[in-house]
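Structure, please.
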Amino acid sequence: MRKLSALLMLCFALLFASTVQGQTNTGVNNAALNGNYAFTFNGLTGNSGGSVVFAAVGRFTADGAGNVTNGELDTNGVGPGAQLTAMTFTGTFAIGADNRGVMTLAIPGGAKLAFAMMANGNAQFIEIDAAGGTGTIGSGTIEKVDATAYSTSRILGDYAFGVAGFDDSNSRAAIAGRFTSNGTGVLTNGAGDVNAAGNAYAMTFVTANYTVSNTATGRGTINLATSIGGTPRSLNFVFYVVNAGKLFAMEMDPVTSVTPLLNGVMLQQLSPAGGFSNASLNGGMVIYLTGRSICGGGTGVAPDVLVGLLTADSNGALSLSDDQNCGGSSSSGSNVIGTYSVASNGRTSITAGSAAAVAYLVSSDQAFIVEEGGSVFFGFGEPQAAGSFSNSALKGSYAGLATTPATFGVVMFSGEFAADGASPTGNLTGTEDIGAPSGPVSGVAFRAAYSVASSPTNGRGTMAVASGTGGNAVIYMISPSKFVAASLSDQNPAVVIFELSSPPPTLSVSSLALNPTSVTGGNSSTGTVTLSGPAPAGGAQVVLSSSNTAVARVLTSVPVPAGATSATFTVGTSAVTISTAVTVSASFGGVTRAASLTVTPAPPPPPTLASLTVNPTSVIGGLQSSTGTVTLSAPAPGGGAQVILSSNNSAASVPFSVFVPAGATSATFTVNTSIVLFSASATISASYNGATRTVGLLVLL
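Numbering: from 1, shown residues only. So this is what the prediction gives:
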């Protein structure tokens with residue numbers, strides 16, 4: 001009997017004594033995949049001689065009826081034919097009744113994918129065409145795109161990024177960083193940190209630029225001229241736009257010992273006014289990291305995974321509880337004390353016990369993380385929803401995926417699973433599709449029991465697998481709609497991510513309101529989401545989005561605390577030159593509500609007094625007068641403008657004020673004179689809105 005990993009890449013060694021049912025591919029749910037999508041893929045290509053890194057990014061259109069059109073992808077790897085540039089493709093797909101699907105792509109050599117649909121319309125997928133120890137294994141995500149963001153100008157503002165991969169000898173490397181895009185192709189204020197094969201370096205940006213070169217497909221390129229550890233490096237990436245706030249990016253340089261294949265994501269930073277600070281880490285953040293190391297007394301490299309909960313106090317102190325599996329040897333840490341320091345650009349230095357890492361914040365308690373040790377841990381941290389977690393929070397239908405394999409021995413899977421939320425022990429059942437070097441297996445039945453607790457680590461749970469040969473795993477709850485897991489015993493572990501594949505049946509978002517509904521650019525509005533009922537234990541994570549992130553920005557989600565029916569969030573805005581309407585959306589339970597926010601230009605400054613003149617500038621006292629003219633810097637406001645007048649010499653007299661009518665820019669007044677015994681000079685003054693202007697008048701004998 002063939003030995004494969006169990007569950008959802010909780011990767012429990014599973015001898016498939018359990019029931020195996022094939023993927024029926026009936027296509028009854030094909031309508032679930034309809035529209036424009038971008039995708040990213042991380043994998044390894046191998047055979048009896050070993051394995052090398054492989055990655056891909058691209059886009060396609062699905063018609064909801066089983067056809068893939070307008071496909072375009074870029075791939076990179078080691079060896080002939082591994083690198084494809086803007087390759088067009090077509091394909092077909094079929095989605096079964098349980099939301100598991102199969103997709104076949106018409107590309108050189110072909111590709112067959114198994115995927116699982118999620119509640120938000122996106123999908124998780126693995127490649128399933130390896131066989132006999134030869135082929136490609138790996139996983140990725142397919143996400144709906146905003147095609148209106150297919151332009152250089154829409155990539156605007158501050159972004160954080162994280163990319164990781166391997167070089168041509170399978171040494172691991174990772175980069176986390178940030179930059180500012182000006183919307184015209186130039187990237188500034190760059191900063192980054194690199195871990196290459198266990199050596200940590202600072203990355204300094206020399207020059208950086210980007211372009212969306214294909215406005216029909218959202219394909220673009222980025223060039224980063226950098227200095228890494230004092231050595232010049234030029235890094236070239238290809239990216240595909242998901243939306244203005246998210247790009248799938250892959251390094252396109254040939255893979256060598258100095259240019260690893262790095263693949264990852266760029267996300268728009270949502271920084272508070274004045275920039276990030278220690279207060280930007282102010283609660284629980286679930287972290288999930290993947291590395292590669294020689295574990296224990298082993299002689300070969302093995303996957304090293306770590307999942308945990310980092311809790312920060314807003315003032316630079318933290319605690320970390322985590323679970324790690326390095327090549328089958330597991331360990332746990334509880335309440336390990338540490339410190340952190342956040343710079344205004346989001347760069348965060350973290351220490352916990354003897355470990356050190358650097359994170360780049362995307363928003364509060366959300367960050368790309370690169371560890372500084374020999375395993376080259378890299379991954380992501382997400383804010384844990386407010387409230388105490390128990391079994392009732394882990395309830396519903398979830399899509400599960402094993403992510404980013406670190407060795408060719410990792411068995412990938414995707415599947416659909418159901419959790420019943422029972423207490424004290426819940427039940428998780430489902431069906432998974434497995435992609436292993438030895439060959440794919442479809443429709444593997446899965447059964448496990450789980451228990452989630454709020455103490456001593458909120459949202460940490462354990463899982464005991466009942467199907468196959470069994471096994472144990474640890475889980476960490478991010479929210480009721482998402483959790484991560486890792487095997488505690490598999491010799492080739494991976495991080496597993498579960499997200500809702502269908503909404504809870506009785507709870508959804510019922511309304512979204514903004515107050516105010518019109519703001520001047522640079523100011524903020526407050527959004528309020530209201531659910532159709534009280535949030536369950538563990539709270540409810542409502543997904544937020546903006547139709548124009550360059551003008552109005554929101555966090556990716558807002559938590560509604562357990563038992564509450566509503567929550568508020570901030571909509572930040574940028575300065576605009578014309579009034580712009582932005583749609584803010586909130587999604588939960590399969591329902592999306594939207595509200596419109598009008599962002600207006602800042603009003604022009606009120607006019608001031610621009611000039612004062614008299615004509616003529618010399619007159620005979622008592623016999624002649626002069627005409628004064630006051631001119632404003634802009635038309636007078638409604639109600640007009642009252643300009644105060646004065647003279648420093650009684651030989652020339654002026655009225656107390658002169659009135660400039662609304663909409664006009666100037667007005668005149670008469671300067672009367674008196675007979676003088678000697679020629680005299682008078683200074684006429686005019687004042688309005690903080691500005692004073694003067695002019696001289698000569699009164700002659």
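
where does the chain dip in pLDDT?
For the chain, the stretches flagged by pLDDT under 70 are 1-25, 468-469, 503-506, 537.

Spell out the residue ranges of the strands in the stretch 151-300 of the chain.
156-166, 172-182, 187-196, 199-214, 219-228, 231-243, 246-251, 261-268, 284-294 (DSSP state E, counting those that start in this stretch).

Could you say which one of the ones you listed comes nearest to residue 538?
strand 284-294 (11.9 Å; CB to CB). Quick note: C-beta positions are derived from backbone N, CA and C, even for glycine.

Paired strands for the closest one, with orientation please.
Each strand paired with strand 284-294, and its direction, by DSSP bridges: strand 301-312 (antiparallel), strand 378-383 (antiparallel).

of those, which approaches residue 200 most closely?
strand 378-383 (12.1 Å).

got the angle between that closest one and strand 187-196?
120 degrees (axes from the mean of the first three to the mean of the last three CA atoms, to 10 degrees).

contacting residues for residue 624?
Contact analysis of residue 624 by CB atoms under 8 Å, 6 or more residues apart in numbering lists 616, 673.

so how far is residue 682 from it?
Note on residue 624: its distance to residue 682, by CB to CB, to the nearest Å, is 13 Å.

and for these two, which residues touch both?
In contact with both residue 624 and residue 682: no residue, using CB under 8 Å, 6+ apart.

could the strands paired with strand 284-294 be laid out in TSV, adding distance to residue 98?
Shown next, in TSV, are the strands paired with strand 284-294 (distance: least, CB to CB, whole Å):
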stretch	distance to residue 98
strand 301-312	27
strand 378-383	27
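
quick one: the strands in the stretch 551-700 of the chain?
Going by DSSP E, counting those that start in this stretch, the stretch 551-700 of the chain shows strands at 552-553, 557-560, 566-573, 580-588, 591-600, 609-615, 618-620, 626-632, 641-647, 652-653, 657-660, 666-673, 680-688, 691-700.

Return the most buried member of those strands.
strand 552-553 (a mean of 26; mean count of other CB atoms under 10 Å).

starting at the chain centroid, how far to that strand?
13 Å (CA atoms, centre = their mean, to the nearest Å).

returning to that earlier point: to residue 485, which of the strands paired with strand 284-294 lies closest?
Comparing the strands paired with strand 284-294 under CB to CB, the one sitting nearest is strand 301-312, at 7.2 Å.

CA atoms of the closest one as CSV?
C-alpha atoms of strand 301-312 as CSV (Å, rounded to 0.1, in the frame of the first residue of the first chain):
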residue,chain,number,x,y,z
VAL,A,301,17.3,19.1,4.5
ALA,A,302,13.6,18.8,5.5
PRO,A,303,10.6,21.2,5.7
ASP,A,304,10.4,23.3,8.9
VAL,A,305,7.0,24.8,9.7
LEU,A,306,5.9,27.1,12.6
VAL,A,307,2.5,28.3,13.5
GLY,A,308,1.6,30.4,16.6
LEU,A,309,0.0,33.4,18.3
LEU,A,310,2.1,36.5,18.9
THR,A,311,0.4,38.9,21.4
ALA,A,312,1.7,42.5,21.6
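
quick one: it to strand 172-182, angle?
Going by the same axes, to 10 degrees, strand 301-312 makes 50 degrees with strand 172-182.

still on that earlier bit, tabulate the strands of the stretch 151-300 of the chain in a markdown table, adding columns for distance to residue 635 and mean neighbour count.
A markdown table is the format used below for those (distance: least, CB to CB, whole Å; neighbours: other CB atoms under 10 Å):
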| stretch | distance to residue 635 | mean neighbour count |
| --- | --- | --- |
| strand 156-166 | 33 | 23 |
| strand 172-182 | 33 | 24 |
| strand 187-196 | 38 | 20 |
| strand 199-214 | 41 | 17 |
| strand 219-228 | 44 | 20 |
| strand 231-243 | 41 | 20 |
| strand 246-251 | 44 | 24 |
| strand 261-268 | 39 | 25 |
| strand 284-294 | 53 | 24 |
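
Across the sheet, point out what pairs with the closest residue to residue 464 other than its chain neighbours.
Distances taken as CB to CB, 6 or more residues apart in numbering place residue 449 nearest to residue 464, at 5.1 Å, with adjacent residues excluded. Assessed by DSSP bridges, residue 449 has beta-bridge partners residue 427, residue 464.

isn't residue 449 right up against residue 463?
Yes - in this structure, residue 449 is within contact of residue 463 by CB atoms under 8 Å, at 7.1 Å.

The two: which is more packed in?
residue 463 (24 against 14; other CB atoms under 10 Å).

OK, contacts around that one?
Residue 463 is in contact with 7, 10, 428, 448-450, 472-475, 485, counting by CB under 8 Å, 6+ apart.

change it to 7 Å
10, 448, 450, 472-473, 475, 485 (CB atoms under 7 Å, 6 or more residues apart in numbering).

Let me know the closest of those residues to residue 122.
Scanning the contacts of residue 463 for proximity to residue 122, where the rule is CB to CB, the winner is residue 485, at 19.3 Å.

right, and that closest one touches residue 497 too?
No - look at residue 485 against residue 497 with CB atoms under 7 Å: they stay out of range, at 8.1 Å.

between those two, which one's more packed in?
Ranked by neighbour count (other CB under 10 Å), residue 485 and residue 497 place residue 485 first, with 28 against 23.

Relative to the whole chain's centre, how far out is stretch 676-685?
On CA atoms, centre = their mean, the centre of stretch 676-685 falls 71 Å from that of its chain.

Alpha carbons only: can I get it in CSV?
Written as CSV, here are the backbone C-alpha positions of stretch 676-685 (Å, rounded to 0.1, in the frame of the first residue of the first chain):
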residue,chain,number,x,y,z
VAL,A,676,-1.6,122.0,2.2
LEU,A,677,1.1,124.6,2.9
PHE,A,678,3.8,122.3,1.9
SER,A,679,3.8,119.3,-0.4
ALA,A,680,3.1,116.1,1.7
SER,A,681,3.3,112.4,1.2
ALA,A,682,0.5,110.2,2.5
THR,A,683,0.5,106.4,2.9
ILE,A,684,-2.8,104.7,2.1
SER,A,685,-3.3,101.2,3.6
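
Can you give me every residue that contacts the residue nearest the centre of the chain?
The centroid of the chain falls nearest to residue 267 when counting by CA atoms, centre = their mean (3.4 Å). Counting by CB under 7 Å, 6+ apart, residue 267 touches 159-160, 245-246, 362.

Looking at these, spot the one nearest residue 391.
Looking across these and measuring by CB to CB, the closest to residue 391 is residue 362, at 30.1 Å.

so which strand or helix has that closest one?
Taking DSSP states H and E as the definition, residue 362 sits inside strand 355-363.

Touching that strand from outside, list them.
160, 176-178, 193, 267, 269-270, 276, 280, 342, 346-350, 367-373, 381, 555.

Could you list which of these belong to helices?
With helices taken from DSSP state H, there is no overlap with the contacts of strand 355-363.

Can you say which of the residues you listed are buried?
160, 176-178, 193, 267, 269-270, 276, 280, 342, 346-348, 350, 367-373, 381, 555 (16 or more other CB atoms under 10 Å).

give me phi/psi at residue 276?
phi -70, psi 160 (degrees, to the nearest 10).

Chain neighbours aside, what residue packs nearest to it?
That would be residue 346: by CB to CB, 6+ apart, it lies 4.6 Å from residue 276.

Next: residue 401.
Among residues not flanking residue 401 along the chain, residue 124 sits closest, at 3.7 Å (CB to CB, 6+ apart).

what's next to whichever strand or helix holds that neighbour, contact-wise?
Assessed by DSSP H and E, residue 124 sits inside strand 123-127. Strand 123-127 has contacts (CB under 7 Å, 6+ apart) with 33, 43, 111, 113-118, 136-142, 399, 401, 412-414, 435.
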